[in-house]
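**Student:** Just a sequence and a predicted model for now, questions to come.
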Amino acid sequence: MKATRTGMAHHMGSSRHRPEDEAARRRWQHPESILEEIGLAAGETFIDVGCGEGFFALPAARIVGPHGRVCGIDIDAEALDLLQEKSFHEKLGNVVLHHGAAEEAVLCEGCADVVFFGISLHDFEDPVRVLANAKRMAAPEGRIVDVDWKKEPLPLGPPAAKKFDTEHAASLMAEAGLRVIAVADLEPYHYMVTAVPER
C-alpha cells in the first residue's frame, strides 16, 4: 500500500510552502516545546514518520546533537530534498532521510528512542501497519508519539471527518501492539498521545 503525501503542505492545501508559511505555523504550533514535552534529549535517536520538509525533524536534530540521530521518512521526494538542503545549510550531519511509504518502512529493529508522527497519522492508508512498523523501530524503552488535529471544527487543517479523535488514535495504537501511557491537550488545535511498545 502507499501512504498519501504527508507534511504541512498537504494540510494547508498547496504542494509547497514558503518560509513565511513556517513562521505562520509557529504562531499556532511550537515544535521545540512539543519535543521538550516528550522528553527528547541529546544523544537520542528520533524517527519522524511523515517528516515533510522538517518542521519537527530539524529542531529534533538540534536537540539530539552530533551524538544523536534524526531519521525522516516521507513519500514526498521533493519535501525530502528541501529538508536535506536545510540540514546541509545548518551543518546538521545527524539527519538521515528515507524516501518511501511508511507502510513499508522499517529503518531499524529497536533503535529509536522516539518514533514521532507530527500531524500525519490520519493521512496514511493503513495507520495500524504504520504504527506496527513504529513498534518494531522503537527501542524497548522507546516512545511512540502522535501529535494530531483535534476532531472538531477548526480554522486550519483537514475536514473534521478525516481527523482521528484521541480515542480512535489510542485504539489504532492498541491494535498495533502499543500501550498508551499519556494523552495531552496541545492548545489551540492539537492533542498528543504517547505510547510504548507492549512487549
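**Tutor:** Sure, I can see it.
**Student:** got the contact list for the stretch of helix or strand Asp146 belongs to?
**Tutor:** Using DSSP states H and E, Asp146 sits in strand 138-149. With CB atoms under 8 Å, 6 or more residues apart in numbering as the test, strand 138-149 has contacts from 34, 38-39, 45, 110-122, 131, 134-135, 157-158, 163-164, 169, 173, 178, 181, 186, 189-197, 199. For the C-beta atoms, the positions are set from N, CA and C on the backbone; glycine is no exception.
**Student:** Look at the residue most central in space within the chain and report its pLDDT.
**Tutor:** Centroid check for the chain by CA atoms, centre = their mean gives Phe117 as the closest residue, at 2.5 Å. As summarised for this prediction, Phe117 has a pLDDT of 98.
**Student:** can I assume it sits in a strand?
**Tutor:** Yes - Phe117 forms part of a strand when assessed by DSSP: H, G, I helix; E, B strand; the rest coil.
**Student:** Which strand residues bridge it?
**Tutor:** Asp146 (DSSP bridges).
**Student:** Quick one: list the elements packing against the helix of greatest length in the chain.
**Tutor:** Scanning the chain for the helix with the most residues, using DSSP state H, yields helix 77-89. Under the contact definition 3 or more CB pairs under 8 Å, 6 or more residues apart in numbering; DSSP states H and E, helix 77-89 sits against helix 57-64, strand 69-74, strand 95-99.
**Student:** can you give me the angle the shortest one makes with helix 77-89?
**Tutor:** So the one you mean is strand 95-99. 170 degrees (axes from the mean of the first three to the mean of the last three CA atoms, to 10 degrees).
**Student:** ok, which stretches of the chain are helices?
**Tutor:** 8-12, 19-25, 31-37, 57-64, 77-89, 127-137, 166-175.
**Student:** so Ala184 touches Tyr191, yeah?
**Tutor:** Yes - taking CB atoms under 8 Å as the definition, Ala184 is a contact partner of Tyr191 at 6.7 Å.
**Student:** Go through stretch 37-51 and flag the buried ones.
**Tutor:** Glu37, Ile38, Leu40, Glu44, Thr45, Phe46, Ile47, Asp48, Val49, Gly50, Cys51 (16 or more other CB atoms under 10 Å).
**Student:** Appreciated, that's everything.
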